[in-house]
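K.L.:
Let's see this in three dimensions:
(one chain, ligands or ions: 1)
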Amino acid sequence: MNWFDKFFERRSRSVAHNTSRRSAITRVGKLVVGTAFALPVLPFDRIGQAQAAEPKGKAPDKRNDDTACEYWRYCALDGFLCTCCGGTISACPPGTEVSKVTWVGTCHNPFDGKDYLISYNDCCGATTCNRCGCNGNERERPGYRMGVHNDINWCMANGSNTYHCTVAAIVGMGDN
Ligand code: ABN
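P.N.:
This is a model prediction of the structure:
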């Protein structure tokens, strides 16, 4: 065999070796593993699924949230909610005292279908809270009848006249 034949024999063996069945399987294996790693990080658009999980067009019912003006007992409350000022629906925040005089409104409870008398007492003795200001005016009357007018500082009869916030306690039932 001359050098020319030897050269081509070696080249042919090398090509045959590098394109063997084993190297072909190795290359297919690499492709499969590479695909498995790459696919999960591709950017999927899951917005459609998230929207499907949310109830469509349904606003939360605030009529049962005593920190919202829409709460059913606040139908005639003009002032700042004590529930946003460190108090509760019927208790003044620490450091304030409940007003000695008040105005009573009537609100309809949509959850049991009944009407209730609500006493809107102001809490007195600390500077105005300024959180959750509401202005409910159901069945309110003009100022000439003070007992049915809510735009009044009911701290007037207390030692300190400084208004802080307003509570809304149930004090009776309407004519149900
Ligand atoms: N009753 C709440 C309030 C206090 C001061 C002034 C207006 C209204």
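
K.L.:
all helices of the protein, in order?
P.N.:
3-18, 21-38, 47-53 (DSSP state H).

K.L.:
what residues does the protein put near the ligand?
P.N.:
78, 79, 122, 151, 152, 153, 154, 163, 166 (Cβ under 6 Å from any ligand atom). The C-beta positions use only the backbone N, C-alpha and C, and glycine is treated the same way.

K.L.:
For these, give me a markdown table that also has pLDDT.
P.N.:
Output for the residues of the chain next to the ligand, formatted as a markdown table (pLDDT from 0 to 100):
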| residue | pLDDT |
| --- | --- |
| 78 | 94 |
| 79 | 97 |
| 122 | 97 |
| 151 | 88 |
| 152 | 89 |
| 153 | 95 |
| 154 | 94 |
| 163 | 98 |
| 166 | 98 |
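
K.L.:
now those: which count as buried?
P.N.:
78, 79, 122, 152, 154, 163, 166 (16 or more other Cβ atoms under 10 Å).

K.L.:
Next step: those restricted to strands.
P.N.:
Counting by DSSP state E, those place 78, 79, 122, 163, 166 in strands.

K.L.:
List the contacts of the fourth one.
P.N.:
To tie it back to what came earlier, the one meant is residue 163. 79, 122, 123, 124, 128, 153, 154, 155 (Cβ atoms under 8 Å, 6 or more residues apart in numbering).

K.L.:
tell me the pLDDT at the residue lying closest to residue 125 once chain neighbours are set aside?
P.N.:
For residue 125, ignoring the flanking residues on the chain, the nearest one in space by Cβ to Cβ, 6 or more residues apart in numbering is residue 160 at 4.1 Å. On pLDDT, residue 160 comes in at 98.

K.L.:
ok, residue 160 to the ligand distance?
P.N.:
13 Å (Cβ to the nearest ligand atom, to the nearest Å).

K.L.:
Quick check: that residue touching residue 124?
P.N.:
Yes. In this structure, residue 160 is within contact of residue 124 by Cβ atoms under 8 Å, at 5.3 Å.

K.L.:
between those two, what contacts are shared?
P.N.:
Common neighbours of residue 160 and residue 124 (Cβ under 8 Å, 6+ apart) are residue 97.

K.L.:
who's more crowded, those two?
P.N.:
Using other Cβ atoms under 10 Å as the criterion, residue 160 and residue 124 rank with residue 124 on top: 24 against 12.

K.L.:
What is the neighbour count of the spatially closest residue to the more buried one that is not a sequence neighbour?
P.N.:
In space, and not counting its chain neighbours, residue 124 is closest to residue 155: 3.6 Å by Cβ to Cβ, 6+ apart. The number of residues packed near residue 155 is 23, by other Cβ under 10 Å.
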